[in-house]
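Visitor: coordinates for the following, if possible.
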Amino acid sequence: MVKYFLNLINTIFIAAAMASCGGDGDGGKGEDSPAAITPSVESIAFDAEGGAKSFTVTSGGEWDASVSESWLKIVKTGTLSTSGTVEVTAEPNNSRQERCTKIVLMSGSARNYVAVTQAGKAPEPVDPSIEVPEGYELVWSDDFNGSSLSSDWTHEVQGPGWVNNELQTYVNGSFNGQPVTEVADGILSINCFKHNGKIYSGRIYAKVNEGWRYGIIEARIKLPKGKGTWPAFWMMPVNNDFGKNPWPRCGEIDIMEEVGYNPNYTSSSIHCESYNHVMGTQRTAERLTPGAQDEFHVYRLEWTADHIYTYVDGKRLLSFENDGRGNVGTWPFNCHFYVILNLAWGGSWGGAQGVDESVLPATMQVDYVRVFQPK
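Guide: Residues are numbered from 1 along each chain as shown. Have a look, this model is predicted:
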């Protein structure tokens with residue numbers, strides 16, 4: 001009965017506990033009877049990495065404690081006596097913003113609070129050679145300086161015909177000892193090859209469960225050669241329910257694509273319910289990028305709440321503006337998207353003029369991928 005009563009009171013008072021980081025001006029003291037329940041601290045601070053801390057509680061009788069934020073967990077001991085302990089654990093804060101809450105302490109009608117703050121994640125150290133766009137900061141990058149892909153990347157595993165009538169099989173890292181993705185000398189190679197009459201290649205996702213909303217996303221890439229190749233650097237929405245929000249309604253951002261039968265012509269496109277290639281209404285821009293198959297070029301997306309622009313070596317290619325109507329059919333680009341790199345073989349576009357298997361193996365090389373967001 002006591003627990004039921006305390007939980008009921010907690011529901012009534014929890015809104016007061018969720019005041020801003022500035023606090024309620026009482027220095028952590030309850031307004032009803034501050035002496036009736038007293039914590040050993042008035043506030044707790046965590047760094048961005050999180051961790052665990054504890055404090056003790058003394059009261060005039062049975063007591064309880066509660067917190068409503070999911071990033072903070074508490075474990076209480078001694079609640080049926082006049083003293084006890086609260087163990088507090090904070091999860092890592094991956095946001096740049098400080099976050100805060102209050103732990104509500106209750107004993108009878110008395111209330112008290114312990115303020116909890118957690119620092120935002122510090123900006124990543126930036127190599128002086130990286131040019132950071134003005135007003136932005138580097139929030140994620142991969143320069144492929146190790147000997148294998150980092151855990152930020154996920155391989156797709158799918159058979160031929162999965163999408164766009166493509167002919168390759170996507171595998172997880174390698175097939176029969178041959179890698180579809182390999183990292184060496186600061187370069188990621190995505191390889192497409194033939195084995196026993198079948199074609200194998202790689203498709204990988206960066207931060208597939210987190211992604212980013214808005215920012216500047218760029219990669220430095222050298223494209224493969226040969227009729228049948230279809231390399232791409234693009235983005236799709238995170239955690240999308242394709243049963244309820246199928247393509248193209250969900251949105252797609254193609255930062256760079258090229259097909260081998262039209263060498264060195266790189267394109268950018270957006271796809272959504274109103275503008276997509278099935279209807280012939282997609283918004284696409286294409287331009288000759290001399291040497292795209294022989295040397296590295298920088299392909300960039302600038303994505304804000306108002307527009308999507310793409311660039312090749314700093315020169316704008318595609319411009320797509322938000323019409324401002326709040327219509328998901330024309331602007332589904334207000335949620336988190338993740339980065340995709342892949343090398344397809346054949347398919348509805350890559351194989352539109354046939355394929356030439358004599359060019360295999362073929363390789364798409366990536367020097368780096370970087371994500372910048374506004375400060």
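Visitor: Asn176 is in contact with Lys198, isn't it?
Guide: No: the criterion here is C-beta atoms under 8 Å, and Asn176 misses it with Lys198 at 10.2 Å. Where you see a C-beta, it was placed from the backbone N, CA and C, and this is true even at glycine.
Visitor: and the two? Which one has more around it.
Guide: Lys198 (13 against 9; other C-beta atoms under 10 Å).
Visitor: so what's that one up against?
Guide: Pro160, Thr169 (C-beta atoms under 8 Å, 6 or more residues apart in numbering).
Visitor: again, 7 Å this time
Guide: Neighbouring residues of Lys198 by C-beta atoms under 7 Å, 6 or more residues apart in numbering: Thr169.
Visitor: equivalent analysis for the one 5 residues further on, please.
Guide: With contacts defined as C-beta under 7 Å, 6+ apart, the neighbours of Arg203 are Glu156, Tyr170, Ile340, Asn342.
Visitor: excluding chain neighbours, what is closest to it?
Guide: Asn342 (3.6 Å; C-beta to C-beta, 6 or more residues apart in numbering).
Visitor: how far does the strand or helix carrying Tyr338 sit from the chain's center?
Guide: When elements are assigned from DSSP states H and E, Tyr338 belongs to strand 337-345. Centre-to-centre, strand 337-345 and its host chain are 15 Å apart (C-alpha atoms, centre = their mean, to the nearest Å).
Visitor: which stretches of the stretch 151-300 of the chain form strands?
Guide: Taking DSSP state E, counting those that start in this stretch, the strands of the stretch 151-300 of the chain run over residues 153-155, 169-170, 174-175, 178-179, 181-184, 187-195, 198-201, 203-206, 215-222, 229-237, 252-257, 265-271, 283-288, 297-303.
Visitor: picking up where we left off before, could I get the contacts of Arg203 as a markdown table with neighbour count, pLDDT and distance to Tyr275?
Guide: Listed next are the contacts of Arg203 as a markdown table, based on neighbours: other C-beta atoms under 10 Å; pLDDT from 0 to 100; distance: C-beta to C-beta, whole Å:
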| residue | neighbour count | pLDDT | distance to Tyr275 |
| --- | --- | --- | --- |
| Glu156 | 17 | 98 | 25 |
| Tyr170 | 23 | 98 | 27 |
| Ile340 | 20 | 98 | 19 |
| Asn342 | 22 | 98 | 22 |
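Visitor: out of those, who's nearest Asn327?
Guide: Ile340 (25.3 Å; C-beta to C-beta).
Visitor: ok, now which ones touch that closest one?
Guide: Ile340 neighbours (C-beta under 7 Å, 6+ apart): Arg203, Tyr205, Trp234, Met235, Met236.
Visitor: excluding its backbone neighbours, what's nearest the third one?
Guide: Closest residue to Trp234 apart from its sequence neighbours, by C-beta to C-beta, 6+ apart: Asp254 at 4.4 Å.
Visitor: so what's that neighbour up against?
Guide: Contacts of Asp254 (C-beta under 7 Å, 6+ apart): Ala232, Trp234, Ser268, Ser269.
Visitor: spatially central residue in the protein, please.
Guide: Closest residue to the average C-alpha location of the chain: Gly211 at 1.5 Å, with C-alpha atoms, centre = their mean.
Visitor: in this structure that residue contacts His336, no?
Guide: Yes: taking contacts as C-beta atoms under 7 Å, Gly211 lies within contact range of His336: 3.8 Å.
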